[in-house]
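[1] Have a look at this prediction, sequence included:
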Amino acid sequence: MKRLMLPILWLLLFPAAMLHASATTGAYDYPFVNAYEATVVGTPTLYQADLPEEVPVKGYRLTVFEDREIPDVFWYSEGLKFSLVRQKERAPLIFVIAGTGASYQSPKVKGLQRAFYQAGFSVIAISSPTYMNFIVNASTTKVPGHIVHDSEDLYRVMELAYQKVADRVDVSEFYLTGYSLGGTQAAFLTRLDEERQVFNFSKVLMINPSVSLFNSVGLIDQMLADTVGDEPGAFNSYLGRVIRSFATAFDRSEPLKFNEDFL
């Protein structure tokens, strides 16, 4: 199985990448070399792909556990929600797994739907196991956070979601992607699929997967120490400089949009 790890922004810049990617890694071809700029800040308008504004998305609901009683106080008691973007002709189908706390309708998921639909895929979008609708309706433990258990819950939902729409979509082969925590879960889902062979994914794309939370926190702490310092009052002084800089920018006469171009 071929596996690729690419920045989400590179994917959105080149939406056909999954269809044409070979086993050999090609040129980077993205204008930002700095990893934080390329993956966190966002894609400036100049570099954004020309994607369709609307795609034919349709929402669905699943009952994952027939015997689960959900109190009416939960507004997520009407079933697990997911969506399908369907190609009219026979095409590959890709599952998109949202990141931490995000739903199948999050902006990043919608961007991926548009990119993959334009590239010729049908797309099933699924919320993160850390999203409340998923926790209430599809989590076995109802306490997300154990990635093995969460991935097993995800795999169950993927099977049910495909069964729900199988008569509406003509699938040539299956693909899988996820971003952030969803990217990490994609690796565990791949292992599950190798064992159970329900989908036999042709390719799996892990977008900005989380690797080590402890290491990430350490990097953030060190970055703060390098930028701010550890003297008494250093952070307040730093925060004051940041606020003054933003105030100066917002004080201009022309309207200012706080977006990727501004950053």
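    Now that the structure is in, tell me what you want to look at.

[2] If you count neighbours, what's buried in the host helix or strand of Ala187?
    Taking DSSP states H and E as the criterion, the element that holds Ala187 is helix 181-196. Residues Leu181, Gly182, Gly183, Thr184, Gln185, Ala186, Ala187, Phe188, Leu189, Thr190, Leu192, Asp193 are the ones in helix 181-196 that count as buried (16 or more other Cβ atoms under 10 Å). Placement of C-beta: from N, CA and C, glycine included.

[3] again with stretch 144-161
    Within stretch 144-161, the residues that qualify as buried are 144, 147, 149-158, 160-161, counting by 16+ other Cβ under 10 Å.

[4] distance between it and the chain's centre?
    Averaging C-alpha coordinates over stretch 144-161 and over its chain gives two centres that are 15 Å apart (Cα atoms, centre = their mean, to the nearest Å).

[5] Touching it from outside, list them.
    Residues lying outside stretch 144-161 but in contact with it, judged by Cβ atoms under 8 Å, 6 or more residues apart in numbering, are 60, 62, 64, 80, 82, 95, 97, 124, 126, 129-130, 134-135, 138-141, 184-185, 188-189, 192-193, 196, 198-199.

[6] List only buried entries from the residues you listed.
    If you count burial by 16+ other Cβ under 10 Å, the buried members of the contacts of stretch 144-161 come out as 60, 62, 64, 80, 82, 95, 97, 124, 126, 129-130, 134-135, 138-139, 184-185, 188-189, 192-193, 199.

[7] quick one: contacts for the nearest residue to Ser210 once chain neighbours are set aside?
    Taking Cβ to Cβ, 6 or more residues apart in numbering as the measure, Ser210 lies nearest to Thr184, with 4.9 Å between them; neighbours along the chain are not counted. Contacts for Thr184 were tallied using Cβ under 8 Å, 6+ apart; they are Ile147, Gly178, Met206, Pro209, Ser210, Val211.

[8] If we use 10 Å, what do you get?
    Contacts were defined as Cβ atoms under 10 Å, 6 or more residues apart in numbering; by that measure Thr184 touches Ile97, Gly99, Thr100, Ile147, Asp150, Ser151, Gly178, Met206, Asn208, Pro209, Ser210, Val211.

[9] counting contacts, what elements does the biggest strand by length in the chain pack onto?
    For the chain, the strand reaching the highest residue count under DSSP state E is reported as strand 171-179. For strand 171-179, the packing partners by 3 or more Cβ pairs under 10 Å, 6 or more residues apart in numbering; DSSP states H and E come out as helix 8-13, helix 17-20, strand 91-97, helix 107-118, strand 122-126, helix 147-165, helix 181-196, strand 203-207.

[10] so the longest one versus strand 122-126, what angle?
    Between the axes of helix 147-165 and strand 122-126, defined by axes from the mean of the first three to the mean of the last three Cα atoms, to 10 degrees, the angle is 130 degrees.

[11] Helix 147-165 - what's its average pLDDT?
    Averaging pLDDT along helix 147-165 gives 96.

[12] isn't Gln113 right up against Arg86?
    No - under the criterion of Cβ atoms under 10 Å, Gln113 makes no contact with Arg86, lying 11.1 Å away.

[13] shared neighbours, those two?
    Applying Cβ under 10 Å, 6+ apart, one finds that Gln113 and Arg86 are jointly contacted by Val55, Val57, Val123, Ile124.

[14] Next, find the distance separating the third one from Glu173.
    Between Val123 and Glu173 the distance, using Cβ to Cβ, to the nearest Å, works out to 14 Å.
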